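S.K.: sequence and predicted structure are below.
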Amino acid sequence: MADSTSKPLPDQYHELVSTSIDEKGIEIPHGLIIDDDGALTMIALAVPASQGYGFMLAQWVKLRGKEMIFAFDRFTREGQGTTLGDVMAGHYCTRAGTRPFIIEYQHAPRIVKPIQWDNAFWNSGLNSELLQHLRGTVSG
C-alpha cells in the first residue's frame, strides 16, 4: 500500500494502463482502490475476467473502498464506436455510484487514447456485466 497522489484516480489508472501495454496487450490487468484513510492499493487481476468483478467487489468491501477503478483487456469490432482494435473496458466506482469507461489502445505504433466515458455500446454492456455480478453477490 502507498499513499495516493493528489492526481485523480482515473488519471492514475490511465497512466498505469499506458505503461503496461506490450505486444500481447495487457496480460494482467490491475485495479486501484483508495480506502478511507487515503491509502492506494494496487491489485493484480490475475484471474479470468469472469471472476474479476467478484474479486474487485470483495476487495472494495474488504478495504473499505472510497474509490475504485478496474478494467479488463478486450477486443473491439466494427460498430462499437471505437477506432482501435483493443480496449481496456471497466468501471470507476465511488460510494455515490459507478461509471463505465474504455481506454482504446494499440501496441505499435503506440497509441493510448484518453478515457472515454460516453461510448454507448461499451457502457451498456459494462453496466449489464456489473449488474449481473452485483446480483450474484447479493443473492449468491
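M.R.: Now that the structure is in, tell me what you want to look at. Numbers count the residues shown, from 1 in each chain.

S.K.: give me the longest helix you can find in this structure.
M.R.: The longest helix of the chain (DSSP state H) is helix 120-139.

S.K.: ok, and what's touching that helix?
M.R.: 53-54, 57, 79-82, 87, 89-91, 98, 100, 102, 116 (Cβ atoms under 8 Å, 6 or more residues apart in numbering). No exception for glycine: its C-beta is placed from N, CA and C like everyone else's.

S.K.: poorly predicted segments of the chain, please.
M.R.: For the chain, applying pLDDT under 70 flags the ranges 1-5, 137-140.

S.K.: strands along that one, start to end?
M.R.: In the chain, the segments counted as strands under DSSP state E are 2-3, 30-35, 39-44, 65-75, 86-94, 97-106, 111-112.

S.K.: which one of the ones you listed is the most hemmed in?
M.R.: strand 86-94 (a mean of 23; mean count of other Cβ atoms under 10 Å).

S.K.: strands paired with that one, and their directions?
M.R.: Using DSSP bridges, strand 86-94 pairs in its sheet with strand 65-75 (antiparallel), strand 97-106 (antiparallel).

S.K.: residue contacts, the closest residue to G31 other than its chain neighbours?
M.R.: Nearest residue to G31, sequence neighbours excluded (Cβ to Cβ, 6 or more residues apart in numbering): F70, at 3.2 Å. Applying Cβ under 8 Å, 6+ apart to F70 gives the contacts P29, H30, G31, L32, I43, L45, G52, M56, G90, H91.
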